[in-house]
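K.L.:
return a 3D structure for these sequence lines:
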Amino acid sequence: MKAKNDAGSATGMNPVRRALLMATGAVATIPVLSACSNASSALAAPKVAEPRVEAQLAFTASEAVNAIANGSMSAETYISTLLARAEKLASLNSLIFLNKEGALAAARQIDSARRAGNKLGALAGLPIVVKDNIDAVGMATTGGTTALKNLKPASNAPTLQKLIDAGAIVLGKANMHELALGATSTNLTPFAGIVKNPYDTKRTPGGSSGGTGAAIGARISPAGLGSDTGASVRVPAAFNGIAGLRPSVGNGGAERRYSTSGVLPLSHTLDTVGPMARTVADVALLNAVMTDSAVPAAVPLAGLRFGVPAILWQDLDNDVAAVMQQALAKLAAAGVVLVDIDMPGIVDLGAKSSLPIALHEPRTDMVAYLKDHGASGITLENIAAQIASPDVKAAFQSIVLDDQAANYAKAINEYRPQLQQIFASYFKDNNIDAILFPTAPVPPPVIDPVNGSSTTSINGGPPVNTFATIIRNMVPDSVAGIPSLSLPAGMTPGGLPVGLEIDGPLDSDKRLLGIGMAMEKLFGTLPAPSI
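P.N.:
Residues are numbered from 1 along each chain as shown. This is a model prediction of the structure:
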């Protein structure tokens, strides 16, 4: 599908500018119409609903929060608009559950608090979608699989609770690759369905947080939560033209930025929640709330040193390579120093360590989660028997049989520390601020509706494994536990988003976001999909 800008309206005014003026109170004479039928205050106003809806859809998370805070848009109006958008675009299968009544009730509470003059939270009225492996009260945590479709948590995951405490509203639970064991979100479970890319519905939105990525890319929600074990936040960010952060995880998962309590796990070593949003600035806002820290400022690009290791630039799709070369040229013109020093061995070490960790640790981690949720009667064998997606069934069978047990000790005690040392030395010895590379070496592949994930081709070459190809560049940093940020670099001639990733040293999350914010200003944001 071709893309269009978030601009243009029947009134002749750019709706983005209209929205910003409304948010600052500069257009006090233009009323904001509710998208729901209960909008009696709008009866005397001119009928200009469509431009106002498009203006709302064009809001970033920060702009929406500001508009709600100053009263130029009610939270109920905004939630109503996005709920209608979600229902209109239900064929994307981006959401498993739409929290219609709960979201509207929460929005009305925010509006009442504002009218009463109460202090609002940093995210008051912000709609978010939440990957369906993250606990949210009143909604099942299905993991996108049949065996868990009735698993109702008693409390919100702590990371989600922080956002709710700041005023965020859960719009719905986002679809995902079944049990988070894949990178395409081609979920064949009947109640979930195959998630489609809003820029081209014949293509995958990536995974495993594909529902979150597709919903944000489609302007159903400005922000949301995913989870990332090996690439699952950053692939959907790249494929849907948005930003996504995998935060520092640290020493064996013991020093992670965000709690993973209340999240259906795969691996305590690798798992992390990750914020996703239309812009890096909005990801930084969510991160600030989730870590009780200040939002960073953009870091000036001039003089920064970006490592460009050849191993992460190999075997690229031609269109991806062209977009990335344009991005490099813009960065160089902005004063970034591109350091051509390779990191031999990292892809091999990542592969040798990630698979044993990700397929061995669920045997204890997932069982413990089920026990904590009063579902100890659901066994790994029960889950395996009801898996619908062939690629996931094969991977989960390896978990049940513990095929990787013999490789686990070496992966966790030898390969992972080696990889961490390589990254630490690369940053320190070469005075590198960030490592730069294409998030994925290919654009979004065509959906495989039979196998879930099988093969793809790079530039018409021989078939290669889709899953391994998509996640190739992201596995090493995931295993090392360093922070990683994907942001849009541009679009292919066919209108598909291309993501660029930057990695920083361990614990440099805030600075990495500041660098990403500056890069976003340089590159600009992508146009909305035409759907």
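K.L.:
which SSE is immediately downstream of the lowest-mean-pLDDT helix or strand in the chain?
P.N.:
Scoring the helices and strands of the chain by mean pLDDT, DSSP states H and E places helix 15-24 at the bottom, with a mean of 35. Once helix 15-24 ends, the next helix or strand along the chain (criterion: DSSP states H and E) is helix 49-58.
K.L.:
list the helices and strands that following helix packs on?
P.N.:
The contact analysis (3 or more Cβ pairs under 8 Å, 6 or more residues apart in numbering; DSSP states H and E) places helix 49-58 against helix 15-24, helix 75-88. Using the backbone N, CA and C atoms, a C-beta is placed for each residue, glycine as well.
K.L.:
what about that helix, average pLDDT?
P.N.:
Average pLDDT, helix 49-58: 74.
K.L.:
what sits up against the helix or strand following it?
P.N.:
The element immediately downstream of helix 49-58 (helix or strand, assigned by DSSP H and E) is helix 61-69. With contact meaning Cβ atoms under 8 Å, 6 or more residues apart in numbering, helix 61-69 is reached by 19-20, 22-24, 56, 59, 73-75, 78, 110, 114, 120, 122-127, 167, 222-223, 277-279, 281-282, 285-286.
K.L.:
same deal with stretch 407-422?
P.N.:
By Cβ under 8 Å, 6+ apart, stretch 407-422 touches 252, 269, 343, 345-346, 349-350, 352-357, 360-361, 404, 476, 479-481, 506.
K.L.:
can you check stretch 138-148 too?
P.N.:
So stretch 138-148 is contacted by 96-97, 99, 102, 132-135, 149-153, 170, 173, 175-180, 187, 189-192, 264, 373, 375, 378, 382-383, 385-388, 392 (Cβ under 8 Å, 6+ apart).
K.L.:
at 7 Å instead, please
P.N.:
The contact list for stretch 138-148 (Cβ atoms under 7 Å, 6 or more residues apart in numbering) reads 96-97, 99, 102, 132-133, 135, 149-153, 173, 175-180, 187, 189, 192, 264, 378, 382-383, 386-388.
K.L.:
do stretch 335-351 as well
P.N.:
Here stretch 335-351 has contacts from 301-311, 328, 331-332, 415, 418-419, 422, 426, 430, 432, 472, 475-476, 479, using Cβ under 7 Å, 6+ apart.
K.L.:
and the helices in the stretch 51-200 of the chain?
P.N.:
Taking DSSP state H, counting those that start in this stretch to define them, one finds helices in the stretch 51-200 of the chain at 61-69, 75-88, 100-115, 158-165.
K.L.:
nearest to L526, of those helices?
P.N.:
helix 61-69 (15.9 Å; Cβ to Cβ).
K.L.:
so how far is the closest one off the chain centroid?
P.N.:
20 Å (Cα atoms, centre = their mean, to the nearest Å).
K.L.:
so how many other residues sit close to the residue nearest to L82 when sequence neighbours are not counted?
P.N.:
Leaving aside its sequence neighbours, L82 sits nearest to P127 (Cβ to Cβ, 6 or more residues apart in numbering; 5.3 Å). The tally of other residues near P127 (other Cβ atoms under 10 Å) stands at 29.
K.L.:
great, nothing more from me.
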